[in-house]
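K.L.:
mind looking at a prediction? Sequence and model below.
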Amino acid sequence: MRSITTVSKIEFLQKIKLRAQSRRMALQHERYVALDALRGISSIAVVLFHCGIYLHDPSVMGHGSLAVDVFFVMSGFVVDRAYGARLRSGWSSRAFAAARFKRLYPLYAAGTLLGASCFAVMLGPHADLASYLAIGALLLCAALLIPIPRDDTKAVFPLNGPSWSLMAEAVVNVLYAIILRRLSKATLFVVTCVAACALGGARAAGYPLLLGGQTATLWLDLIRAAFGFSVGLLLAAHVNEICSTAVLTVRLPALLLICAIIYAVPADAAPAWADLIAVLLVSPAIVAAAITSRRNYGEERWCSVLGRLSYPLYIVHMPVLYMASTYAPANAELPSVRVAMILGSSLVSLGIAACLSWWVEPHLLQATSEGRTPDDEVVAYRATLVCTSPTR
């Protein structure tokens with residue numbers, strides 16, 4: 001009788017274990033789809049935030065710049081899930097750097113060239129040679145990811161403002177390949193706490209945390225990137241525990257709606273120190289919620305579309321805004337005209353991003369690969385992007 005009871009308990013425990021494993025696997029599949037959707041919504045928030053700045057309507061997505069910190073957290077999580085196991089099993093740092101270069105640089109180069117072209121058009125045919133040479137020098141520095149110090153409030157990447165986040169991404173990727181991937185969980189937690197204290201100290205000294213790419217705060221941008229990336233690494237290290245507990249489980253549409261509301265909070269409506277709270281707590285919480293979010297059947301397609309558009313949209317929208325603000329009509333201060341310009345700039349940016357994602361990017365990937373067709377390379381690239389396997 002005792003043996004029968006023991007066998008029953010063992011079978012019961014095995015059923016619970018299998019059920020937990022199946023739930024964890026389901027959550028992992030949903031998690032990456034949610035990250036695709038979160039990337040897309042965050043890119044749209046950045047576009048609308050910049051539309052408000054350049055078209056003089058700061059009420060548009062007042063906290064859209066928080067999306068950049070969300071990107072940093074997602075980057076740490078995705079990079080470790082995609083490449084961490086291979087690096088720990090002997091994959092070289094050079095191979096990792098080549099993979100990240102192929103992932104990030106082609107579209108970055110396209111956005112930078114678009115920015116240089118827009119500047120050349122804005123100069124007009126009657127500009128002197130020195131002006132065109134200056135654009136060439138800016139283009140060379142941008143191609144090498146070299147920031148250009150200017151006045152404190154000027155962008156360090158004039159041709160394409162968001163390039164500063166790509167520079168910061170490159171720095172933390174190098175740190176990951178050399179140092180961060182070798183750290184224990186406890187040491188990585190200490191590094192994250194040190195970065196958080198540095199951000200808190202900078203905020204106490206009066207530095208704004210949500211305005212990136214300026215000369216005076218470039219050092220602070222690197223700390224933001226290091227903090228977000230380290231948080232992402234911690235989430236990746238504890239992903240099984242997160243998926244098992246699923247304390248933050250929400251439906252995907254609800255999560256995206258919450259993110260949109262947070263991004264849309266006007267900057268002047270937020271209390272003091274809200275930017276520090278947003279960077280240290282809100283951005284990690286958003287990604288953690290996306291990791292365990294639940295989705296309905298049929299949502300994967302539009303999530304994939306949002307994820308596919310996110311990076312091209314992020315990297316090409318600023319040159320479009322340069323043109324829109326330069327050639328704004330005389331009555332641009334009218335609310336109806338301002339709304340039309342914001343919508344028009346966003347749609348043009350979306351169209352360029354779609355062209356890059358569906359037509360240009362596959363051929364760029366083919367040009368940087370060996371022995372693969374464009375479709376095969378895109379499939380492999382998308383698999384890495386959404387991390388469908390921890391060992392990708």
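P.N.:
Yep, it's here.
K.L.:
spatially speaking, which residue is in the middle of this structure?
P.N.:
Phe71 (2.8 Å; C-alpha atoms, centre = their mean).
K.L.:
give me every residue that touches that one.
P.N.:
When contacts are counted by C-beta atoms under 8 Å, 6 or more residues apart in numbering, Phe71 touches 39, 42, 165, 228. All C-beta spots, glycine's among them, are computed from the backbone N, C-alpha and C.
K.L.:
distance between the ends of stretch 211-227?
P.N.:
In stretch 211-227, first residue to last residue: 16 Å (C-alpha to C-alpha, to the nearest Å).
K.L.:
thinking again about what came up before, which element is the residue nearest to the centre of the chain on?
P.N.:
Element membership for Phe71 (DSSP states H and E) is helix 66-79.
K.L.:
and that helix, what's buried?
P.N.:
66-79 (16 or more other C-beta atoms under 10 Å).
K.L.:
and those, which is closest to Thr192?
P.N.:
Gly76 (9.9 Å; C-beta to C-beta).
K.L.:
can you tell me the closest non-neighbouring residue to Gly52?
P.N.:
In space, and not counting its chain neighbours, Gly52 is closest to Val60: 3.3 Å by C-beta to C-beta, 6 or more residues apart in numbering.
K.L.:
hmm, I typed the wrong one, I wanted Leu313.
P.N.:
That would be Ala353: by C-beta to C-beta, 6+ apart, it lies 3.9 Å from Leu313.
K.L.:
which parts of the stretch 1-150 of the chain are helices?
P.N.:
2-54, 66-79, 85-88, 93-123, 129-143 (DSSP state H, counting those that start in this stretch).
K.L.:
what packs against the fourth one?
P.N.:
Contacting helix 93-123 under the criterion 3 or more C-beta pairs under 8 Å, 6 or more residues apart in numbering; DSSP states H and E are the following elements: helix 85-88, helix 129-143, helix 163-178, helix 300-326, helix 361-367, helix 374-386.
K.L.:
can you tell me which of these is nearest to Ala270?
P.N.:
helix 163-178 (21.5 Å).
K.L.:
count of neighbours near Thr249?
P.N.:
Per other C-beta atoms under 10 Å, the neighbour tally for Thr249 reads 15.
K.L.:
now do the same for it: helix, strand or coil?
P.N.:
coil (DSSP: H, G, I helix; E, B strand; the rest coil).
K.L.:
which outside residues touch stretch 168-185?
P.N.:
72, 75-76, 79-80, 84, 87-88, 93, 96-97, 100, 104, 145, 188, 191, 221-222, 224-226, 229-230, 233-234, 237-238.
K.L.:
at 6 Å what do you get?
P.N.:
Stretch 168-185 has contacts (C-beta atoms under 6 Å, 6 or more residues apart in numbering) with 87, 93, 96, 100, 145, 221-222, 225-226, 229, 237.
K.L.:
among these, which two are most distant?
P.N.:
The distance between the two most remote of the contacts of stretch 168-185 (C-beta to C-beta) is 28.4 Å, for Leu145 and Ala237.
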